[in-house]
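In: how would this look folded up:
(4 chains)
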2 protein chains.
Amino acid sequence: MSTEEKIKKSAFKLFLEKGFDRTSIRDIAEKAKINIALLNYYFRSKQNLFDSIFSGLLDKYTPELCSLLNKDLSLEDKIRQYISKYMDILMENSELVFFILSVLHRDHQKISDMSMFKSLIDYNSFIEQMEKEIKKGNIKPCDPHQFYLNMMSLIAFPFTIKNVISDKFEMTDEEFRNYMLERKNIIGDMLISYIKN
Amino acid sequence: MSTEEKIKKSAFKLFLEKGFDRTSIRDIAEKAKINIALLNYYFRSKQNLFDSIFSGLLDKYTPELCSLLNKDLSLEDKIRQYISKYMDILMENSELVFFILSVLHRDHQKISDMSMFKSLIDYNSFIEQMEKEIKKGNIKPCDPHQFYLNMMSLIAFPFTIKNVISDKFEMTDEEFRNYMLERKNIIGDMLISYIKN
DNA sequence: GTCTATAACGGGATAGAC
DNA sequence: GTCTATCCCGTTATAGAC
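Out: Numbers count the residues shown, from 1 in each chain, chains lettered A, B, ... in the order given. The predicted model follows:
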């Protein structure tokens, strides 16, 4: 692993765990087993390092999520596959949701301007597909935007309170993962039952 | 308004807006139009001031939410009223969800030990009511804990991405409020449709 | 590329006068 | 209770040797 990659990986872990502000470049340097000067040699500043990591994240996950929304699938299949794919990503790293919320909270304008982020929150083809199904009478009339928001809420929110859930039910990380896994079907059923009635 | 209240109010606004770490005691002092020494005279430390504000929040909202869960209401009425009450609180201050998530992320152990917080996440009577209805065959068999988690997700998550939503649909604060208001029925319908089929 | 040393700054907290 | 002045610390960033 290159020094640059080593720094990024260490920094990412710390940012996830403690957030941007509570992570010092000293922490990062220590974890990556390099010194502060070297960190600044590669990334010029802590903010720059962070931005680089965040862009990398968007690039890694956005394309597959977007392409799924544009696939030629039945609405129900698309919903279930989207849930599954999204949750797989989040289960890989359960701190991700809060991490992204934090970035949005601090740097909303900057993030909004990133093209990858624009892609991530562009679900027009999904909206159109729902509108078609509503017109055809296959599903109940409803607001597709609110429906999509509901889907995202059901997918993402539980990860933001992982600590509370794990604590309340005395779960290990593995048990939490399984609990989230169970949700794939539950969420799908709930969303489908809403539009089918 | 007493000096102490003035400090708390100013600090709360800043903590909501910028978070604990990015809010300096100098910011707070400036906003409250006092000086740093006075702030430390009243609260000893920034952390102490924060804790005092957070406790106050829990004390303010927890009781009415808890008592609603223990009321003698039909399951459907309870769900709809709980959604409505919770969302009223969050609409009053849309930054509250992220604020609490941040605290949970940073200080989970300390928060878990607070008795008011324990009350807030204690929904046993709701679980029992659902189990009874399932046994009676009035609603579909399902996991009541996951159901409650779904309800909370649908209620809370949209507030954490208020910026993204307002931006995408070019909403004013008032329009966002109305958008959330619409959700009361949508969320209720979705949850009810799930357990009625 | 990698290191040591240090500059420059901003933060929280306190001493002590009034 | 309220103020001014200041201390002390941790942080980022950079200069310069190797």
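
In: count of residues packed around the residue of chain A found nearest DNA strand C?
Out: Residue nearest to DNA strand C within chain A: A:Ala37 (3.0 Å; C-beta to the nearest atom of the strand). Yep, even glycine has a C-beta here, placed from its N, CA and C like the rest. Close neighbours of A:Ala37, defined as other C-beta atoms under 10 Å in any protein chain shown, add up to 8.

In: mind checking how far A:Asp21 is from B:Val103?
Out: Shown here: A:Asp21 relative to B:Val103, a distance of 14 Å by C-beta to C-beta, to the nearest Å.

In: Kindly apply the preceding question to A:Asn138 instead.
Out: In terms of C-beta to C-beta, A:Asn138 sits 44 Å off from B:Val103.

In: Compare the two and say which is more crowded by neighbours.
Out: A direct count of neighbours by other C-beta under 10 Å for A:Asn138 and B:Val103 places B:Val103 higher, at 20 against 14.

In: need the contact list for the more buried one.
Out: Applying C-beta atoms under 8 Å, 6 or more residues apart in numbering or on different chains to B:Val103 gives the contacts B:54, B:111.

In: Mind telling me what element it is part of?
Out: Using DSSP states H and E, the element containing B:Val103 is helix B:96-112.

In: Measure how that helix sits relative to helix A:96-112, angle-wise.
Out: When axes from the mean of the first three to the mean of the last three C-alpha atoms, to 10 degrees is applied, the directions of helix B:96-112 and helix A:96-112 differ by 150 degrees.

In: can I get the CA coordinates of helix B:96-112 in CSV?
Out: The C-alpha coordinates for helix B:96-112 follow below in CSV (Å, rounded to 0.1, in the frame of the first residue of the first chain):
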residue,chain,number,x,y,z
LEU,B,96,-33.0,18.9,16.6
VAL,B,97,-32.7,15.4,15.0
PHE,B,98,-29.2,16.0,13.8
PHE,B,99,-28.3,17.7,17.0
ILE,B,100,-29.3,14.6,19.0
LEU,B,101,-27.6,12.2,16.6
SER,B,102,-24.4,14.2,17.1
VAL,B,103,-24.6,14.0,20.9
LEU,B,104,-25.4,10.2,20.6
HIS,B,105,-22.4,9.8,18.4
ARG,B,106,-20.0,11.6,20.6
ASP,B,107,-21.2,10.8,24.1
HIS,B,108,-23.3,7.7,23.8
GLN,B,109,-22.4,6.2,27.1
LYS,B,110,-23.1,9.4,29.1
ILE,B,111,-26.5,9.9,27.4
SER,B,112,-27.5,6.3,27.9
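
In: what's the spacing between that helix and its chain's center?
Out: 11 Å (C-alpha atoms, centre = their mean, to the nearest Å).

In: ok, back up a step: check the gap between the residue of chain A closest to DNA strand C and chain B for me.
Out: Relative to chain B, A:Ala37 is positioned 25 Å away (criterion: C-beta to the nearest C-beta, to the nearest Å).

In: Number of residues surrounding A:Ser119?
Out: By the criterion of other C-beta under 10 Å, A:Ser119 has 15 neighbours.

In: Equivalent analysis for the one 4 residues further on, please.
Out: A:Tyr123: 22 surrounding residues under other C-beta under 10 Å.

In: check contacts around A:Asn163.
Out: Neighbours of A:Asn163 in contact, by C-beta under 8 Å, 6+ apart: B:104-105, B:108.

In: who's in contact with A:Glu4?
Out: Counting by C-beta under 8 Å, 6+ apart, A:Glu4 has contacts A:Tyr42.

In: My error: substitute A:Gly56 in the last question.
Out: By C-beta under 8 Å, 6+ apart, the neighbours of A:Gly56 are A:Lys8.

In: Local confidence estimate at the residue most central in space within chain A?
Out: With distances taken as C-alpha atoms, centre = their mean, A:Val97 lies nearest the centre of chain A, 5.1 Å away. The confidence metric pLDDT takes the value 98 at A:Val97.

In: How about A:Phe15?
Out: 98.

In: And for A:Leu39?
Out: On the pLDDT scale, A:Leu39 gets 97.

In: Can you give me the neighbour number for it?
Out: Around A:Leu39 there are 23 residues (other C-beta under 10 Å).

In: What is the burial count for the closest residue to A:Leu75 other than its chain neighbours?
Out: Spatial nearest neighbour of A:Leu75, chain neighbours left out: A:Glu133 (5.4 Å); criterion: C-beta to C-beta, 6 or more residues apart in numbering or on different chains. For A:Glu133, the neighbour count with other C-beta under 10 Å is 17.

In: Now do the contacts for A:Glu133.
Out: Going by C-beta under 8 Å, 6+ apart, A:Glu133 touches A:75, A:139, A:195.

In: The first one is in contact with A:Pro144, isn't it?
Out: No - between A:Leu75 and A:Pro144 no contact is recorded; they are 10.3 Å apart, counting by C-beta atoms under 8 Å.

In: so what sits against both of these two?
Out: With C-beta under 8 Å, 6+ apart as the test, A:Leu75 and A:Pro144 both reach A:Met130.

In: A:Leu149: which of the contacts of A:Glu133 is nearest?
Out: The closest of the contacts of A:Glu133 to A:Leu149 turns out to be A:Ile195 (C-beta to C-beta; 14.1 Å).

In: Spell out the secondary structure type for the residue nearest to the closest one when sequence neighbours are not counted.
Out: Once flanking residues are discounted, A:Ile195 sits nearest to A:Ile139: 4.1 Å by C-beta to C-beta, 6+ apart. Taking DSSP: H, G, I helix; E, B strand; the rest coil as the rule, one finds A:Ile139 in the coil state.

In: A:Ile139 contacts A:Lys196, doesn't it?
Out: Yes - at 6.6 Å, A:Ile139 counts as touching A:Lys196 under the criterion of C-beta under 8 Å.
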